[in-house]
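**Q** what follows is a protein structure lacking sequence information:
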């Protein structure tokens, strides 16, 4: 198996090469490249490898730029430090990935997936898998920055609340609040509608004009009248949280992502 490594961190490239040889003694690393520019030049002057390991963030830009200047037919395994929520984009588009620092077991699983793809009787459509349309979709999702924390003022004190600690957002008496895992409520400076553009849609869903919830916040869902759904949330004594009829189908799809 002829392998190309595109990685701008030398220790990471060296470790990946070592792990590749552990998985396949017959593997041959053709080159280790560290920039978008060098990768484009390599693909334009060499035969296609059997497999490409490609870091997302390279020294001179995002590796997705490579696809705009050359054709890659080989299956690609992305190596990245992006969090798990952004990585769902790769699963949607049938593009595999390894989260850095790379684990030997994860690399083994990636090789096994590659074997399964190659064992399929029908021809593996590499052009379709790595089409520009799909790659563009991934780039947009990864490049968009969502809110990681909210700065809260409590009297004379300033407190940072991580998005990972927030269960849901709600409005009450024309003010907006967030509810944390600890059951604490904090006043925010943003209206609910503005929050929808700040939050990762993979993690939060606006079920009504007054509520934006995370999956972790939902304790129970029951059918309600007129094809609506009633939601019961953690740390909430509100028994009248309803998913409006026009949002039900989108909500069910969000639950199933």
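**A** Nice, I can see it. Because the structure is a prediction, the values reported are computed rather than measured. Numbering: from 1, shown residues only.

**Q** quick check: residue 44 vs residue 160, distance?
**A** Per Cβ to Cβ, to the nearest Å, residue 44 is found 47 Å from residue 160. (Each C-beta comes from the backbone N, C-alpha and C, glycine too.)

**Q** now do residue 70
**A** 43 Å.

**Q** same thing with residue 39?
**A** For residue 39, the distance to residue 160 - Cβ to Cβ - is 38 Å.

**Q** between those two, which one's more packed in?
**A** Using other Cβ atoms under 10 Å as the criterion, residue 39 and residue 160 rank with residue 39 on top: 24 against 10.

**Q** what helices and strands are in contact with the host helix or strand of that one?
**A** For residue 39, the enclosing helix or strand under DSSP states H and E is helix 36-45. Packing partners of helix 36-45 (3 or more Cβ pairs under 8 Å, 6 or more residues apart in numbering; DSSP states H and E): strand 28-33.

**Q** mind listing what residue 209 touches?
**A** 171, 192-193 (Cβ atoms under 8 Å, 6 or more residues apart in numbering).

**Q** now the helices for the stretch 51-200 of the chain?
**A** 84-92, 104-119, 126-129, 132-143, 192-195 (DSSP state H, counting those that start in this stretch).

**Q** show the average pLDDT along the first one.
**A** It stands for helix 84-92. The average pLDDT within helix 84-92 is 48.

**Q** for residue 40, see how far away residue 72 is.
**A** 10 Å.

**Q** which residues are common contacts for the two?
**A** In contact with both residue 72 and residue 40: residue 66, using Cβ under 8 Å, 6+ apart.

**Q** burial count for the closest residue in space to residue 183 that isn't next to it in sequence?
**A** Of all residues not flanking residue 183 in the chain, residue 235 sits nearest, at 4.4 Å (Cβ to Cβ, 6 or more residues apart in numbering). The tally of other residues near residue 235 (other Cβ under 10 Å) stands at 15.

**Q** pLDDT weak spots in the stretch 51-200 of the chain?
**A** Where the stretch 51-200 of the chain drops to pLDDT under 70, the residues are 81-97, 99, 117-145.

**Q** which residues in it form strands?
**A** Listed in chain order, the strands of the stretch 51-200 of the chain (DSSP state E, counting those that start in this stretch) span 51-55, 57-58, 61-62, 76-80, 96-99, 149-154, 157-162, 166-172, 175-180, 185-188.

**Q** now those strands as a markdown table including distance to residue 116?
**A** Listed next are the strands of the stretch 51-200 of the chain as a markdown table, based on distance: least, Cβ to Cβ, whole Å:
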| stretch | distance to residue 116 |
| --- | --- |
| strand 51-55 | 14 |
| strand 57-58 | 29 |
| strand 61-62 | 28 |
| strand 76-80 | 14 |
| strand 96-99 | 11 |
| strand 149-154 | 40 |
| strand 157-162 | 38 |
| strand 166-172 | 38 |
| strand 175-180 | 42 |
| strand 185-188 | 47 |
